[in-house]
Each structure stands twice: as C-alpha cells, then as structure tokens.
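> let's see this in three dimensions:
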Amino acid sequence: MGIDEIFEGLSLKVENYEKRQSQIEMSKDIYNLMINGQIGLIEAPTGIGKSFSYLIASSLFVKNFKKKIVIATSTINLQKQLILKDIPVIKEIFKDVAFDIALGRQNYACKRKFYAYASSIFSNIEDPKAFLANLKHGTKDEFDFWQEGIFEQIKSEKDSCMGRFCPQYRNCFFFNARSRLKDADIIVTNHHLVFSDLFEIGEVFDAIDALIFDEAHNIEKNLTSFATLSFNFYDQLNLIRNFSSIIGKLRLFELINKAMQTMDKLKEELIKLANIVDYSTTYDERYAKDFLFRISDLQKQLVFDLVNYKDKIDVELGIDFKALVDKLSINLKIMESFLSQNYNEAVYWLDKFKDIVLFNITNLNFADLLKKNLYPKVDSVIFTSATLSINSDFSFIKGILGIEKAFEKTFKTEFDYKSQAKLIIVNNICNPQNDGYIDDISTLILTVASQINKGTLVLFTSYKTLNKAYSKTNDALKKLGYTVLKQGLIDNYNMQKVFFKSKTILFGVNSFWEGIDIKGDNLSCVIMTKLPFEVPTHPIEKAKYTNLEKKGQNAFINYSLQKAILKFKQGFGRLIRTKNDTGFIVIADNRVLTKPYGKIFLNSLPEVIIETKSVEDLSLNQDH
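Sure, this is the predicted structure:
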C-alpha cells in the first residue's frame with residue numbers, strides 16, 4: 001500500500017476529511033528524505049495537515065524498513081493532539097506500528113519517596129499503596145489536585161534514584177515507561193527531551209533512524225532554554241526546608257540549624273544584590289566581584305557543612321540527603337563558573353523576579369552543538385513548521401541550525417486569503433514611547449470590539465503594555481457583552497473552552513502569537529499592537545547582536561528583523577484555521593508603512609487584501 005492509497009482511505013477514518021494534494025506531496029517528501037538519509041526543511045502553512053503527512057510517512061517507513069523514529073514537538077497542545085486525536089487514526093491503518101510518548105524523568109513520581117514521606121506531606125491519603133495502585137502512569141498531571149510544590153518533593157530525579165537497588169524498582173513509574181519505549185517504533189516527545197538525550201544523558205532513546213521536529217520555528221528558543229544553566233539561592237533555601245522531614249528522621253537537627261544560619265546570611269547579601277540589579281542584565285563590573293565572592297564563600301560554607309555528614313549516612317533515606325548535597329555542590333560550581341567567566345561562547349547574566357535574583361549562564365553556540373551531537377547520530381532529520389522561511393528563503397533558520405545543505409520546500413497555503421480575510425493597517429496610533437500610546441491602543445481595541453462583536457485576540461509584545469490596556473478596557477468590554485481574558489489568569493486549554501462558549505476577547509503576549517487554534521466565529525479578528533521585535537536590551541539578544549557584528553554582519557537586518565518576521569507570520573496565522581473561516585487582521589504599528597523593512601513583513605504574508613485606515617475611519621465590513 002502506497003502513500004496515495006493511504007490518503008484515499010483517510011476519508012473513511014476521519015470525519016469531513018478533504019483530500020489535499022499538498023498534504024500527500026509533503027508525506028512523500030518526508031518518506032523520501034528518510035529513505036535517503038537527508039536533512040529536510042519543510043514549511044507547511046496551516047490547513048495542509050502536516051501531522052498526518054509525517055505520521056503516515058513515518059509509519060510506512062517503519063513498516064517497510066523496521067526503523068525507529070522520534071517526533072518532537074515544542075508545545076504540549078500539539079503532543080496531546082497527536083496522541084489523542086491523530087495517532088489513533090494512524091493505528092487503525094498501521095496496526096503493527098507501536099507508538100508511545102516520552103516524558104522527562106521529573107514528570108514521574110518516585111514511589112520510594114512517596115512511601116517515605118506520605119505520612120508527613122500527604123496527610124489526606126489514608127492508604128498510600130491503594131492510591132498509587134489507582135494511578136495509571138504516575139505522572140505529574142495525576143497529582144495536580146494537591147497543593148503546589150508537593151509533587152516537587154516526590155518527583156523522580158537522577159541524583160536521588162537508587163536504580164536497581166531500589167525496593168520499588170520493578171514497579172517504578174519512570175523505569176516502566178522507559179522500558180516501554182524500547183518496544184515503540186515511533187515515539188512522540190518534546191524538543192527539550194531530545195536535546196537532553198542527545199547532548200547529555202543518553203538514557204531515553206535507543207539509536208534513532210529519523211527525527212522529525214514539528215513546530216521547528218521554536219528550535220532556537222528551546223535550544224536557548226536548554227543551553228542555559230540557572231540557579232538562585234532561594235531555591236536552595238526551599239530545598240533545605242523541604243527536606244525537614246528527612247533531617248528529622250536522620251536526627252541531624254544541629255546540622256540543619258547551622259545550614260539555616262548560613263542561609264540567613266546569604267539572604268541578607270541577596271537582598272542587597274536585588275536592590276541594585278535591573279530586570280535581565282548582563283553581569284559586569286557594576287556588581288563588584290568582592291560582593292559576589294562573599295555570596296560564593298557563604299555558599300561554600302553551606303556545602304562544606306553538609307558534605308561533612310554526607311558520607312556518614314548509609315540508609316535508604318540518606319540517598320535523598322546526598323542528592324541535596326549534590327545539588328548544592330552543582331550550584332556552587334555554577335557560581336564559581338559565573339565568577340570566572342572563562343567560556344567565550346557563553347553570556348553571563350542576572351535576572352530578577354520580584355526580589356529573587358537568578359544567576360544564568362547561556363551557551364550561544366547552537367550551530368556547533370547540533371553539528372556535533374545531532375546530525376552525526378541520526379540518519380535523517382526533518383524540520384517542519386508553518387513559519388520557517390522568509391519569502392521562501394531558509395537562510396536564517398539554516399544558520400541557526402548549523403545546516404549547510406538540505407532539502408528545502410515551501411508549500412502554498414490551501415486558504416483563499418483574498419476572500420477569507422482582510423488586513424487593515426491603522427496609521428494613526430502614536431509612538432509607543434508617547435504618553436498617549438495606551439489611550440490610542442485602548443481606543444482601537446474598543447472600536448474593533450464594538451464593530452466585530454465576535455471573538456477577538458489582541459497580541460502584545462510586553463506584559464506591561466498588555467496589563468495597562470487590559471485595565472483601561474476591561475469594564476467597557478464587559479459592557480459590550482464580552483468575556484475578557486488575560487494571559488496568566490487562565491491556562492491555554494480552559495481559555496480555548498471559554499472561546500467556544502461565549503463572545504470572548506483575549507489579551508495575550510509571547511506564546512499566544514502561536515499557541516492559539518480557534519476556528520470559526522469564535523475568533524474573527526486578530527489585533528497586533530506592535531511588530532514583534534525581541535527586546536534588544538535582553539542580555540542574550542545583546543550577546544547575539546555583538547557576535548554577529550564581530551563577524552561584520554548587520555545584527556538588525558540579519559537577526560532581529562528575521563525573527564520578527566517569522567513571529568509576525570505566526571500571529572497572522574492565528575486567524576484563518578479552516579477554509580470556512582473569515583475575519584480581520586488589524587496591525588496597529590505604522591512601521592509597516594513608514595520603514596524600509598515594512599514591505600518585507602507584508603511580502604512574507606500570503607496574498608491578502610490590505611487597507612490603510614485611521615482608528616476613526618475603521619469599518620469592519622462583516623463580508624470578511
């Protein structure tokens with residue numbers, strides 16, 4: 001049975017399935033890339049149905065050649081779609097192909113810890129053994145009804161794992177899950193776990209023959225997260241407090257009192273540091289080294305006090321105590337590395353959340369990481385997304401991924417944007433630096449909401465602006481009959497349920513430029529308040545700009561602009577999700593008209609009717 005025949009049969013398996021030639025062609029391309037052991041870059045706009053394309057290609061490849069494939073997504077939402085919706089259909093066609101999902105170790109509960117601490121931290125459970133027996137996988141989402149932070153105390157961790165020596169080893173949630181992966185032909189996981197396994201641990205996947213990265217436009221963001229070492233001393237204080245039950249059972253009261261005294265001194269120094277650190281700043285001589293050395297010395301004293309007891313403990317509970325010491329020791333090494341700054345390819349930076357200062361070290365050499373640890377280990381690597389190219393040019397993403405030669409293809413959209421959508425550029429919103437900016441944006445939001453009278457998504461580039469606009473428009477929007485949602489007050493899953501039940505307007509930032517999939521009248525308008533440029537003052541962005549300029553490149557043109565265009569395309573793609581959807585995209589940033597690069601943004605979009613209006617002249621014709 002070939003790919004064409006398989007897609008012909010999908011109409012019998014999937015309700016309202018429409019045959020799409022581009023979907024079939026993409027599946028054939030992926031299958032051929034796997035056979036030939038090639039790297040592929042495939043841009044597939046919304047509506048093509050790329051998940052069925054790569055699932056069918058992968059299943060056929062497994063069936064014909066007995067290979068192992070990993071499919072990695074960036075978001076949990078797509079993972080759930082694959083596992084709950086798409087893969088069950090594929091399993092009806094390929095009955096002998098085994099699928100499974102791989103989660104990171106820390107998503108699983110540790111039974112040994114659970115039994116050890118059940119009486120002290122799970123007072124609402126009368127029979128721990130019966131409770132555990134009722135858990136299906138022992139994953140974090142099965143514990144979400146407990147108070148926040150409890151799962152952290154019983155999660156599976158490599159440092160505190162006794163492995164085969166553990167009395168719970170045969171029934172371990174984590175090891176049973178890993179054992180099942182050995183029998184799986186196709187494994188669904190996330191970007192971060194792939195990086196972790198390929199670059200560091202190597203405990204999850206056996207030899208991979210092909211690897212598909214969906215949502216590949218997020219590769220750089222996820223690599224940045226993976227390649228960042230972070231810690232803060234408040235986490236260490238919480239670590240020690242959370243281990244109070246262990247300390248009590250080991251009768252180490254004198255030790256914990258001494259450790260807490262040291263931590264109190266650390267807190268005093270950290271409060272001083274918090275008073276002089278801006279939000280997200282590169283470490284430099286403004287933060288005198290003797291100040292940070294004082295913090296480091298206190299950290300050393302804390303570890304020294306604990307290490308003196310480490311080797312004296314040889315009981316089952318002692319392994320958790322040893323894991324605590326190991327974590328503190330690792331943090332000390334990070335601190336010492338932070339002070340020495342002896343790695344040229346890294347950026348050393350401080351971040352601040354409320355009064356907590358985070359110490360971060362980020363390795364920026366992503367291309368070399370992938371060249372060394374990914375491409376030599378996997379025969380075929382395929383990157384796909386709705387936004388990988390800029391005007392069908394993949395140069396930007398190839399540079400990030402360290403790819404010199406690859407199969408490249410851009411599929412055209414299945415949607416008729418000229419009849420389904422209209423893009424309106426509002427030309428009289430004042431400069432964001434002006435005092436009247438929030439008033440202008442708020443007036444625009446209320447004008448659109450009063451005319452569209454349907455589901456609306458408002459996209460921002462900063463939480464600060466979002467919160468100000470939300471506060472200014474919330475009451476008026478409710479009077480217009482809207483349910484008003486703000487990112488952070490509701491999770492993605494429940495937010496989408498609300499959209500389907502009522503006339504909703506959502507204020508979102510960052511991930512909401514791409515993480516929304518709402519069809520029909522439930523979403524009829526998307527407002528982009530600003531072009532989505534990254535904050536140029538963030539230490540990581542500054543370091544990337546500096547590196548490019550050292551190579552003689554224009555950092556704005558070759559990096560900042562490219563990233564903004566890809567995110568702009570993502571935001572545009574929120575509106576039209578099916579061939580029956582219609583609506584408006586409203587851009588409240590006249591730089592697309594006044595700046596030389598404005599045309600590049602507009603040219604990156606599919607063919608759509610574009611109009612320029614003032615807020616006062618705005619008229620959202622419901623024909624679109």
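
> low-scoring stretches of the stretch 351-500 of the chain, by residue?
Within the stretch 351-500 of the chain, the ranges that satisfy pLDDT under 70 run 354-355, 491-493.

> ranges for the strands of it?
Secondary structure of the stretch 351-500 of the chain (DSSP state E, counting those that start in this stretch): strands at 356-363, 380-385, 407-410, 421-426, 456-460, 483-486.

> so which of those strands gets nearest Gln79?
strand 380-385 (15.2 Å; Cβ to Cβ). (Each C-beta comes from the backbone N, C-alpha and C, glycine too.)

> can you report phi and psi for the closest residue to Pro432 other than its chain neighbours?
Closest residue to Pro432 apart from its sequence neighbours, by Cβ to Cβ, 6 or more residues apart in numbering: Lys530 at 6.6 Å. The phi and psi values for Lys530, taken as degrees, to the nearest 10, are phi -150, psi 160.

> number of nearby residues for Lys530?
Lys530 has 19 neighbours, counted by other Cβ atoms under 10 Å.

> would you reformat the strands of the stretch 351-500 of the chain as JSON lines and include distance to Asn603 and mean neighbour count?
What follows is those, written out as JSON lines (distance: least, Cβ to Cβ, whole Å; neighbours: other Cβ atoms under 10 Å):
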{"stretch": "strand 356-363", "distance to Asn603": "33", "mean neighbour count": "19"}
{"stretch": "strand 380-385", "distance to Asn603": "19", "mean neighbour count": "25"}
{"stretch": "strand 407-410", "distance to Asn603": "14", "mean neighbour count": "17"}
{"stretch": "strand 421-426", "distance to Asn603": "12", "mean neighbour count": "22"}
{"stretch": "strand 456-460", "distance to Asn603": "20", "mean neighbour count": "25"}
{"stretch": "strand 483-486", "distance to Asn603": "33", "mean neighbour count": "18"}
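
> Asp440 is nearest to which of those strands?
Nearest to Asp440, of all the strands of the stretch 351-500 of the chain, is strand 421-426, at 8.9 Å by Cβ to Cβ.

> the closest one packs against which elements?
strand 583-587, strand 609-613 (3 or more Cβ pairs under 8 Å, 6 or more residues apart in numbering; DSSP states H and E).

> who touches the next helix or strand after the first one?
Downstream of strand 583-587, the first helix or strand assigned by DSSP states H and E is helix 591-594. Applying Cβ atoms under 8 Å, 6 or more residues apart in numbering, the external contacts of helix 591-594 come out as Ile425, Asn427, Leu531, Tyr597, Gly598, Lys599, Phe601, Leu602, Thr612.

> drop anything exposed from those.
Ile425, Asn427, Leu531, Gly598, Phe601 (16 or more other Cβ atoms under 10 Å).

> could you look up the SS state of the third one?
Translated: Leu531. Under DSSP: H, G, I helix; E, B strand; the rest coil, Leu531 falls in the coil class.

> kindly list the main-chain dihedrals of the nearest residue to it once chain neighbours are set aside?
The shortest distance from Leu531 to any non-neighbouring residue, by Cβ to Cβ, 6+ apart, is to Asp589 (4.9 Å). Asp589 has phi and psi values of phi -140, psi 110 when expressed as degrees, to the nearest 10.

> count of residues packed around Asp589?
The number of residues packed near Asp589 is 23, by other Cβ under 10 Å.

> could you do Met335 as well?
20.

> can you tell me the element it falls in?
Per DSSP H and E: Met335 is located in helix 318-340.

> which secondary structure elements does that helix contact?
Counting by 3+ Cβ pairs under 8 Å, 6+ apart, helix 318-340 packs on strand 228-231, helix 233-242, helix 244-250, helix 289-310, strand 356-363.

> quickly, which of those bottoms out on average pLDDT?
For those, mean pLDDT drops lowest on helix 244-250, to a mean of 55.

> what residues are up against the spatially closest residue to Gly47 that is not a sequence neighbour?
Nearest residue to Gly47 in three dimensions, chain neighbours excluded: Glu414, at 4.0 Å (Cβ to Cβ, 6+ apart). For Glu414, the contacting residues are Arg20, Ser22, Pro45, Gly47, Ile48, Lys579, by Cβ under 8 Å, 6+ apart.

> export those residues to a markdown table and tack on secondary structure and neighbour count?
Below are those laid out as a markdown table (DSSP: H, G, I helix; E, B strand; the rest coil; neighbours: other Cβ atoms under 10 Å):
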| residue | secondary structure | neighbour count |
| --- | --- | --- |
| Arg20 | coil | 17 |
| Ser22 | helix | 18 |
| Pro45 | coil | 20 |
| Gly47 | coil | 21 |
| Ile48 | coil | 24 |
| Lys579 | coil | 11 |
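
> of those residues, closest to Leu223?
Nearest to Leu223, judged by Cβ to Cβ, of the contacts of Glu414 is Pro45 at 24.1 Å.

> correct me, but the closest one touches Ala386?
Yes. Counting by Cβ atoms under 8 Å, Pro45 touches Ala386, with 5.1 Å between them.

> okay, and the common contacts of those two?
Joint contacts of Pro45 and Ala386 (Cβ under 8 Å, 6+ apart) are Gly573.

> for the record, mean pLDDT for the helix holding Met335?
So the average pLDDT for helix 318-340 ends up being 72.

> could you dump that helix to PDB, C-alpha only?
Provided in PDB are the C-alpha atoms of helix 318-340 (Å, rounded to 0.1, in the frame of the first residue of the first chain):
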ATOM      1  CA  GLY A 318      20.200   9.100  53.100                       C
ATOM      2  CA  ILE A 319      20.200   9.000  49.400                       C
ATOM      3  CA  ASP A 320      17.800  12.000  49.300                       C
ATOM      4  CA  PHE A 321      20.100  13.800  51.700                       C
ATOM      5  CA  LYS A 322      23.100  13.100  49.400                       C
ATOM      6  CA  ALA A 323      21.100  14.300  46.400                       C
ATOM      7  CA  LEU A 324      20.500  17.600  48.200                       C
ATOM      8  CA  VAL A 325      24.200  18.000  48.900                       C
ATOM      9  CA  ASP A 326      25.000  17.100  45.200                       C
ATOM     10  CA  LYS A 327      22.500  19.800  44.000                       C
ATOM     11  CA  LEU A 328      24.100  22.400  46.300                       C
ATOM     12  CA  SER A 329      27.500  21.400  45.000                       C
ATOM     13  CA  ILE A 330      26.500  21.700  41.400                       C
ATOM     14  CA  ASN A 331      25.100  25.200  42.100                       C
ATOM     15  CA  LEU A 332      28.400  26.100  43.800                       C
ATOM     16  CA  LYS A 333      30.200  25.100  40.600                       C
ATOM     17  CA  ILE A 334      27.800  27.200  38.500                       C
ATOM     18  CA  MET A 335      28.500  30.200  40.800                       C
ATOM     19  CA  GLU A 336      32.300  29.700  40.500                       C
ATOM     20  CA  SER A 337      31.900  29.500  36.700                       C
ATOM     21  CA  PHE A 338      29.800  32.600  36.800                       C
ATOM     22  CA  LEU A 339      32.600  34.500  38.700                       C
ATOM     23  CA  SER A 340      35.400  33.200  36.500                       C
END
